[in-house]
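J.: quick one, what's the 3D model for this:
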Amino acid sequence: MSGHDDVTLQLAKKEQKEHLGPEMASLLNDMTNRDIIVAASPLDSSPPETPGYTTLKSKTVHFIRHGQGFHNLLADSYRSEGKTWTQYTNHPSNPYVKPEITDAPLTHKGRLQATSLQPLTSTLPVDLVVVSPQNRATHTALLAFSHLL
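T.: You can find the predicted model right below:
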């Protein structure tokens, strides 16, 4: 660990002790010493069994991908024209790094995709919605979870 990382870690540990309080410290200790089980399943099926584990407390987390953004449309257009590029490179041939789409909004199709999630999302028990600050993710969440607004 670098000197900066070590100083940051020590400061975080000090602040944690000062600000947690006994209830939160107990919860932190409980969570730190508990196995985490991650089970993935489609929404239309029941969660997979986790033999050998007793579930004390559980949270269900639903992940939703953003609707089609203009960057996706541009990449589809490149593909249909036979253009190729190397993914994850900052090269002019890569449609994903074009300045005009670095924070691409949703296309009309993307807005329809997000809106089509409303019947499903309105049936989910939601405690919290966490969203990327990217334009396409934020708009997908606003449309898909409009019943919560």
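
J.: can you give me the neighbour number for the closest residue to A137 other than its chain neighbours?
T.: Beyond its immediate neighbours in the sequence, the residue positioned closest to A137 (Cβ to Cβ, 6 or more residues apart in numbering) is H66, lying 4.7 Å away. (Each C-beta comes from the backbone N, C-alpha and C, glycine too.) For H66, the neighbour count with other Cβ atoms under 10 Å is 22.

J.: touching, H66 and G110? I think so.
T.: Yes - under the criterion of Cβ atoms under 8 Å, H66 lies in contact with G110, with a separation of 7.1 Å.

J.: what do the two both touch?
T.: For the pair H66 and G110, residues contacting each of them under the criterion Cβ atoms under 8 Å, 6 or more residues apart in numbering are 136, 139-140.

J.: angles on the backbone of G69, please.
T.: For G69, the backbone dihedrals are phi -100, psi 170 (criterion: degrees, to the nearest 10).

J.: next: L106.
T.: With angles defined as degrees, to the nearest 10, L106 shows backbone torsions of phi -70, psi 150.

J.: now for it: which residues touch it?
T.: 66-70, 114, 135-136, 139-140.
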